[in-house]
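Novice: could you work out the structure for the sequence below:
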Amino acid sequence: MPTKKELAIELSKLRGFNNPKQELEQYTTPSEIAASIAWNAYMLGDIKEKIVMDLCAGTGILGISALLLGARRVIFIEIDPEAVRVLRENLKTIEMSNYEVLISDARSVNTNADTILMNPPFGTRNRHIDMEILMNASRIARIIYSIHLAATHEYVKMRARELGLRITHIWNSKLLLKQSMPFHWKNKHYTDINIYRFEKIYKERGI
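Specialist: Sure thing, here's the model as predicted:
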């Protein structure tokens, strides 16, 4: 089992998006943040021997971290076939077979899991898409780890209550966004994010 530092080093070797798509808000999750999410999930008993889903998987960094930390099975859900091709190349580097890759919309997938790890679109291009994805995640898993803009914290709290989710942990971090889109005018930019651990506490009320 790798240490947190060793995990981050392994994740840093994975490929990111070849052609990030603006409409999908595709940004590669930094290896340090992915390692931190997975390590915290592991320490809280949400990874080892669990069925883990990497929702909005992109090139697979969160799901691969779960595989490296002893998940029983990992399900990768990604809507973009081009990203899936990179994801499959990344999976070849770890030489494991206890995973499944599905090309699907994160808002409608109905495959169940014990734990979901996800870095959804923030909703800057498609308003509230992160909440639509969180809504579906709340239907198919009891434990959810998800990244959201720190500026949306009050809204995230409100929607979590509506979905019957309790926020058990919040980790604050800064996400490095490198110049990858036509509208980016800086070489790099840091944005404040919150990483949430949600736990399902009751059934959603048809929301």
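
Novice: could you give the number of residues near the spatially closest residue to Met135 that is not a sequence neighbour?
Specialist: Computed as CB to CB, 6 or more residues apart in numbering, the closest residue to Met135 that is not its neighbour in sequence is Leu163, at 5.9 Å. All C-beta atoms are positioned from the backbone trio N, CA, C, and that covers glycine. A count of neighbours around Leu163, defined by other CB atoms under 10 Å, yields 23.

Novice: for Gly70, same thing?
Specialist: Gly70 has 13 neighbours, counted by other CB under 10 Å.

Novice: report the beta-bridge partner residues of the closest residue to it other than its chain neighbours.
Specialist: Excluding the flanking residues, the one nearest Gly70 by CB to CB, 6+ apart is Lys48, at 4.3 Å. Here Lys48 shows beta-bridge partners Ala71, assigned using DSSP bridges.

Novice: residues contacting Lys48?
Specialist: Shown in contact with Lys48 (CB atoms under 8 Å, 6 or more residues apart in numbering): 42, 69-71.

Novice: of the residues you listed, closest to Gly16?
Specialist: For the contacts of Lys48, the residue nearest Gly16 by CB to CB is Leu69; the value is 20.8 Å.

Novice: might you report the residue contacts of the nearest residue to Leu24 once chain neighbours are set aside?
Specialist: Once flanking residues are discounted, Leu24 sits nearest to Asp80: 6.0 Å by CB to CB, 6+ apart. By CB under 8 Å, 6+ apart, the contact list for Asp80 reads 21, 24, 26, 58.

Novice: now render those as JSON lines, adding secondary structure and neighbour count.
Specialist: As requested, those are exported to JSON lines (DSSP: H, G, I helix; E, B strand; the rest coil; neighbours: other CB atoms under 10 Å):
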{"residue": "Lys21", "secondary structure": "coil", "neighbour count": "13"}
{"residue": "Leu24", "secondary structure": "helix", "neighbour count": "18"}
{"residue": "Gln26", "secondary structure": "coil", "neighbour count": "20"}
{"residue": "Gly58", "secondary structure": "coil", "neighbour count": "27"}
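
Novice: now, which of those residues sits nearest Glu10?
Specialist: For the contacts of Asp80, with Glu10 as the reference and CB to CB as the criterion, the closest is Gly58, at 16.9 Å.

Novice: what strand or helix carries the nearest residue to the closest one once chain neighbours are set aside?
Specialist: Distances taken as CB to CB, 6+ apart place Ala83 nearest to Gly58, at 5.4 Å, with adjacent residues excluded. Assigned by DSSP states H and E, Ala83 belongs to helix 81-92.

Novice: cheers, nothing more for now.
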